[in-house]
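*Asks:* I would like to see how this sequence folds:
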Amino acid sequence: MTALPHFDIIGEAGPALRDRFPFIEQFGVNLYLEAPESGGELQIWDLTLDRVRSRNIASTSGTYGFDPERLPPPDVTIKPCAGDLVIVRSTRLHAVRETTEGRRVSISGFMGRGQDQDVLRLWS
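*Replies:* Numbers count the residues shown, from 1 in each chain. Down below sits the predicted model:
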């Protein structure tokens, strides 16, 4: 399992979703049931979609991801263990390194914070 560097931003899926879910911030939520012995690290860059676009870094042809060779090193790399709950700002560039031994099994979803700071929405 590998995930190229990418963003998960519900508002980028189209105007209807942007209007229906005007989130101030969005998070990815992952509960790791199994973690690989080798690989599977979560990489995070402190780069927004606007900053990636302003650097003219295009997505990899035929995918929603970006070429890691054209990016600086990630700002943070997390090696989750079974039982870990990891919450990241999915509006920041992130990736999952290739699993080379074992398997990565997780329950994942998203959490969005709206204009009213007391309201969180969860979805999968």
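
*Asks:* pLDDT score for the closest residue in space to Arg104 that isn't next to it in sequence?
*Replies:* Nearest in space to Arg104, with sequence neighbours left out and distances taken as CB to CB, 6 or more residues apart in numbering, is Gly40 at 4.4 Å. C-beta coordinates here come from the backbone N, C-alpha and C atoms, glycine included. Gly40 carries a pLDDT score of 94 in this model.

*Asks:* does Ala35 really touch Pro80, like I thought?
*Replies:* Yes: Ala35 lies in contact with Pro80 (CB atoms under 8 Å); the separation is 5.3 Å.

*Asks:* got the contact list for the residue nearest to Arg104?
*Replies:* Contact analysis of Gly40 by CB atoms under 8 Å, 6 or more residues apart in numbering lists 1, 79-80, 96-99, 102, 104.

*Asks:* outside of stretch 75-84, which residues touch it?
*Replies:* 30-35, 40-46, 86, 106.

*Asks:* kindly report the same for stretch 14-34.
*Replies:* 8-12, 42, 80-91, 94, 102-115, 117, 121-122.

*Asks:* which parts of the protein are helices?
*Replies:* Along the chain, counting by DSSP state H, helices occupy 15-20, 49-54.
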